[in-house]
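*Asks:* output the structure for:
(one chain, ligands or ions: 1)
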Amino acid sequence: IAQTAMKKAVELAPGALLPGGRPDPLLRRRHGHIGTPVSRVDGPLKVRGAAPFAAEIALDGMVYAALAYSTIAKGRIVTLDTGAAEAAPGVVLVMTHRNAPRLNPPPRFLSGDKAAAGDDSPVMQDDRVRWNGEPIALVLAETQEQADHARSLIRVTYAEEPAATSLPTADGCEVGAFMGEPLRAVVGDADAALAAAPHKVEAVYRTPGHNHNALEPHGATLVWRGDDLFVHDATQAVAHTAWTMARIFGLEESQVHVSSPFVGGGFGAKGLWQHQILAAAAARLAGRPVRIALSREGVYRIVGGRSPTEQRVALGADADGRLTAIIHRGVTPKTRHSPMPEPFILPTQSAYSAQTFALEVQTCYLDMVANTFMRAPGEAVGTVALECAMDELAEQLGMDPVELRVLNEPEKDPLSGRPFSARNIVAAYRAGAQRFGWERRNPVPRSRREGDWLVGMGCATATYPYHRMPGGAARITLDAAGHARIDVAAHEMGMGTATTHTQVAADRLGLPLDAVTVRYGDSSLPGVILAGGSQQTASVGLAVMMAQKELVDELLTLAGNDSPLAGLGADEVECADAGLRKLDEPGRFESYASILARSGRNEVAVEGSAPMPLETMHWSMHSYGAMFCEVRVNAITGETRVSRFFGSFDCGRILNPKTAASQFRGGIIMGLGLALMEETQFDQRNGRIMNRNLSDYHLPVHLDVPEIEVIWTDIPDPHAPMGARGIGEIGITGTGAAVANAIHNATGRRVREFPITLDKLL
Ligand code: MOS
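*Replies:* Prediction:
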């Protein structure tokens, strides 16, 4: 969508939009707040338990919802007995396809600028079942316990139909697509180049499905007031959710109000799923406010995760180790109702220089819960295959894996031919290798043993693209006391959005931190901003930059002829010391308070919109990282313990080193889970997810996580707003391969089926 919109914008206004945008003036200036480790502005609220989450909002007369889920993958509901449930204590409503209001189909995410639904199946509109776990009934009751009990009394029978629940039974196999682009790239004859290469590796890597497990399960509290719908939601997309709910219920966008001030983790999953839609429908039927809080099982049943992948990587190299062929092909399932398959070839498109490429994602339809976005969709598992294969090639060549990567570093984007906006991955590798102590690695596997523990080191490249979606907008309201409020429809999922943008706005406006407030998490605020694709910071930052320009214009107009600034244009002044100052003449200054007082204004409010994201049309833009891992594998039990992890990142300017370090570490911890533990156990006989709880689905806990050190180049990207590329997703990329490569160095074993559980090391 972003690509299409950009192409359109260029056609409409040739020459009007500068290639690559314009460099941020703040890049050339001394900074006050940017780059300092400011603690989270929402921290005290969180610590005191005073930050309200969506399913904690209490509304007068509220009832509680519970969902019943299908237990077959495909077919029809034949009988649905709700009598006992309706007669149970406290029950207010039992809603099924028989009495649910008629709804429009949910617009699928990416099918339009603001479409948000993770799945576009009709929501309780007919007797069809499309996946094992689809909601078939919703109970409303006076308490959660009554709703849960009544739900257990519902009796259903089905007419089952043959379902595709494993790849061999799947149909409709074809080349997949991501954001409208086919997941396929061919340069030269890679198969012939591979056959002719003096050095080559070829292997199949498998990653399992993964389920989303944010600390806060999905939830919403909502109420109808007349024909207006008010939703307190846990979401990464307030504006998108409002628009999409309006479509589903046949309302104007302005009739849906979505508020989401705090989100307990998103990772791509906190979008619009059936629970919000069903709760809104039931609230309308019952005439009562509704709270719906999914159980952990509920999240597994209706919220998509990451699909399994089977990836074949083949690399050919000449005698010196230069790549002559990169082949990355494989298969992953998708559904007929969700927006994307797992696009695992994405990282391979710009990782290394090579003479030939053959990349392709085959996709086949399964009857299962949606595939959805999950932290670095594509890159998280794509780098597992590519970066393990690079390690295998280095071993065959007798080269250091770092040097093999440096040797094959591309000068420009190998597929698109675009120059890189900034790429300092070699610097990241050099700094990381030195700090980690890479030179102590013995390249001979199984050569270091401490008691029962085999010790090894591995590395891998992390990479995630820079994105900025259209729709960034923000409002600045400056008052006579010199306080600025930034209004933006952004999201705080724990990553530090409010904090970072307080710093950015304070620097941009020449104000102290305590004179800036960022208001966010509400669909009534300006902007259509997704907290996804690691792009929220760039999107908000540029919108604030544009609003600041408007503010300067407005203030100069208000200042008038009696001001020391009289006659100056916007490009002759800067915001500093809570006022405007002539750039090369510090004596010509007037404070904001003085300008507003003299013009008789209590406040001035301006809005700015970010220009189309043209930068990615002109530059290949990515964040990078060099990941280093040390593992200890028990020679007797096969148990793997990650003893050290080091991430050396190159993501442009780092706006807040404290929140950024947490983002990097969080991504790496998720990557450790991907490497060693996480696995959705999908019953291929019936399409049911078996381990739908945190005791059977294993995630890293504190004792599984070693000391994680992170550093960064902090080299500003001249083509990214504020010089900053994204940091939210990159930490999970490269991590899985760094762990696997370290395990190989420790044990001599190449495990290509993830997660690397101890049974695979015995
Ligand atoms: Mo991220 S998977 O774009 O929330």
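*Asks:* which positions in the protein make contact with the ligand?
*Replies:* Applying Cβ under 6 Å from any ligand atom, we find that the chain lies next to the ligand at 236, 266-268, 373-375, 377, 532-533, 729. Bear in mind the C-beta positions are built from the backbone N, C-alpha and C, glycine included.
*Asks:* can you put the residues you listed in CSV and add neighbour count, secondary structure and pLDDT?
*Replies:* Listed next are those as CSV, based on neighbours: other Cβ atoms under 10 Å; DSSP: H, G, I helix; E, B strand; the rest coil; pLDDT from 0 to 100:
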residue, neighbour count, secondary structure, pLDDT
Gln236, 27, coil, 98
Gly266, 24, coil, 97
Phe267, 23, coil, 97
Gly268, 24, coil, 97
Phe373, 29, coil, 96
Met374, 25, coil, 98
Arg375, 27, coil, 98
Pro377, 24, coil, 97
Gly532, 25, coil, 96
Gly533, 24, coil, 96
Glu729, 29, coil, 98
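*Asks:* tell me where the stretch 401-550 of the chain is predicted with low confidence.
*Replies:* Counting by pLDDT under 70, the stretch 401-550 of the chain contains no low-confidence residues.
*Asks:* which residue, other than its chain neighbours, is closest to the residue of it found nearest the ligand?
*Replies:* Among the residues of the stretch 401-550 of the chain, Gly532 lies closest to the ligand, at 3.2 Å counting by Cβ to the nearest ligand atom. Leaving aside its chain neighbours, Gly532 sits nearest to Gln236 (5.4 Å; criterion: Cβ to Cβ, 6 or more residues apart in numbering).
*Asks:* which residues does that neighbour contact?
*Replies:* The neighbours of Gln236, taking Cβ atoms under 8 Å, 6 or more residues apart in numbering as the test, are 263, 266, 268, 270-271, 491, 493, 530-532.
*Asks:* what does Ser350 give?
*Replies:* By Cβ under 8 Å, 6+ apart, the contact set of Ser350 is 410, 413-416, 463, 620, 622.
*Asks:* how near is it to Ala193?
*Replies:* According to Cβ to Cβ, to the nearest Å, Ser350 and Ala193 sit 19 Å apart.
*Asks:* how close does the residue of the stretch 251-400 of the chain found nearest the ligand get to Ala282?
*Replies:* Residue of the stretch 251-400 of the chain nearest the ligand, by Cβ to the nearest ligand atom: Gly268 (2.6 Å). If you measure Gly268 against Ala282 using Cβ to Cβ, the figure is 27 Å.
*Asks:* again with Thr335
*Replies:* In this view, Thr335 and Ala282 are 25 Å apart by Cβ to Cβ.
*Asks:* quote the end-to-end distance of stretch 145-162.
*Replies:* 36 Å (Cα to Cα, to the nearest Å).
*Asks:* same deal with stretch 692-700?
*Replies:* Terminal residues of stretch 692-700 are spaced 16 Å apart (Cα to Cα).
*Asks:* buried ones in it, by neighbour count?
*Replies:* For stretch 692-700, burial by neighbour count (16 or more other Cβ atoms under 10 Å) applies to 692, 697-698, 700.
*Asks:* got CSV for those residues, with pLDDT, distance to Pro208 and secondary structure too?
*Replies:* What follows is the buried residues of stretch 692-700, written out as CSV (pLDDT from 0 to 100; distance: Cβ to Cβ, whole Å; DSSP: H, G, I helix; E, B strand; the rest coil):
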residue, pLDDT, distance to Pro208, secondary structure
Arg692, 97, 15, coil
Tyr697, 98, 11, coil
His698, 97, 12, coil
Pro700, 97, 16, coil
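*Asks:* nearest to Pro343, of the residues you listed?
*Replies:* Lowest distance from Pro343 to the buried residues of stretch 692-700 (Cβ to Cβ) belongs to Tyr697, with 23.6 Å.
*Asks:* quick check, the closest one in contact with Asn691.
*Replies:* Yes: Tyr697 lies in contact with Asn691 (Cβ atoms under 8 Å); the separation is 4.6 Å.
*Asks:* mind listing the shared neighbours of the two?
*Replies:* In contact with both Tyr697 and Asn691: 679-681, using Cβ under 8 Å, 6+ apart.
*Asks:* and the residues you listed, which are buried?
*Replies:* Buried subset of the shared contacts of Tyr697 and Asn691 (neighbour count, 16+ other Cβ under 10 Å): 679-680.
*Asks:* from the shared contacts of Tyr697 and Asn691, which is closest to the ligand?
*Replies:* Of all the shared contacts of Tyr697 and Asn691, Thr680 has the smallest distance to the ligand: 16.3 Å, by Cβ to the nearest ligand atom.
*Asks:* pretty sure that closest one sits in a strand.
*Replies:* No: with DSSP: H, G, I helix; E, B strand; the rest coil as the criterion, Thr680 is coil rather than part of a strand.
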